[in-house]
Every structure is written in structure tokens, then in C-alpha cells.
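Mind looking at a prediction? Sequence and model below.
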Amino acid sequence: MDATQLSSFINQAILFCFGTFFVIAIFMAVPLYKLLDQSSRTLGATENLINTLDKELGPTLREVDNVLVSVQEIKALAERGISGVGTKVEDVTGSIGKVTEQAKSQSSIWSTGLMTGLKTYLSGHSDNDDEAKSKK
């Protein structure tokens, strides 16, 4: 092989490589174009979302703040109601305790009175027996 043939072979190899590169670039260009188009639409949608968030976030945060304040007020009312119920339960428990003590006291008084009456009756009965015997 002489120098001109070698030079010609190298030129053909380079042309073949460039041709292959050009065909591959054409096949890759269509998907790359679709990818760039989709990226452009995604970027536009993202910008719209950011704009919407900028517009809506302020009022939404104010509403959330209002809801949180309302929840805290309800919580405070519930806590006051629960402590009030606890106080009323304590009052009722104290009243029941007082009534129980009074009932015990009154039943003790009744039992003491009943026992005294029974003793008096029995002792009076034996006194009557003693008087009846002395009269005979």
C-alpha cells in the first residue's frame, strides 16, 4: 500500500465516522427536542405554581392562624368547664359526706333514744312488779 492509498483509506474512514455520527445525531435530536419541550412546559407550570402560592399563601396562613386561635379558645373553655365540674364533684362529695355524718349522728341518737326508752320501760315494769308485791 502506498501513501496515496493509505491517505484515501483514512479519508474514507473519517467520512464513515462523520456519517455515522450525523445519523446518530439525527436519531438523538428528536428525543432531545421532545425532552426540551417537556422541560419548558414543566418550568412554566412550576412558575405558575410559585405565583399561585405567592398569592394564596398569605390569606391561607391568616385563616390557619384564626383557626388556631379558635382551637385555643375552645381548649381554654373546656379546661374551665372541666375544672368547674371537678369543683362541683368535690362539693357534692363533701355534701354527701356531711349527710352521711348527719345520718350516722341521727341514727345514733335514735338508737340511743330507743335503748333508753326500752331500758326505762323494762325498769319501769320491774318497778311496777316491786310495787305490786309490796301492796299485797
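Structure received. Numbering: from 1, shown residues only.

For Phe18, see how far away Gln72 is.
Distance from Gln72 to Phe18, counting by C-beta to C-beta, to the nearest Å: 74 Å. C-beta here means a position set from N, CA and C on the backbone, and glycine is covered the same way.

again, but for Asn51
From Asn51 to Phe18 the distance is 47 Å (C-beta to C-beta).

Now for Gly117, how many residues are close by?
Neighbour count for Gly117, taken as other C-beta atoms under 10 Å: 10.

what does Ser39 give?
The tally of other residues near Ser39 (other C-beta under 10 Å) stands at 10.

Same check on Thr120?
By other C-beta under 10 Å, 11 other residues sit near Thr120.

With Leu57 instead?
For Leu57, the tally of surrounding residues (other C-beta under 10 Å) stands at 10.

what are the phi and psi angles of it?
The phi and psi values for Leu57, taken as degrees, to the nearest 10, are phi -70, psi -40.

Contacts only, for it.
Leu57 sits next to no residue when contact means C-beta atoms under 8 Å, 6 or more residues apart in numbering.

From Val64, how far off is it?
With distances taken as C-beta to C-beta, Leu57 is found 10 Å from Val64.

got it, and Asn48?
23 Å.

got any ranges where this protein has weak pLDDT?
Along the chain, the parts satisfying pLDDT under 70 run over 1, 83-97, 99-100, 102-110, 125-136.

Can you show me the helices along the chain?
Counting by DSSP state H, the chain has helices at residues 3-135.

which residue is nearest the centroid of it?
The chain has Val71 as the residue nearest its centroid, 11.8 Å off, counting by C-alpha atoms, centre = their mean.

I'd like to know how far that residue sits from Ala78.
For Val71, the distance to Ala78 (C-beta to C-beta) stands at 10 Å.

Likewise for Ser7?
As judged by C-beta to C-beta, Ser7 and Ala78 stand 96 Å apart.

cool, Thr112 as well?
Distance, Thr112 to Ala78, by C-beta to C-beta: 50 Å.

next one: Leu57
31 Å.

now Leu68
Distance of Leu68 to Ala78, given as C-beta to C-beta: 15 Å.

what do you get for Lys119?
Counting by C-beta to C-beta, the gap from Lys119 to Ala78 is 60 Å.
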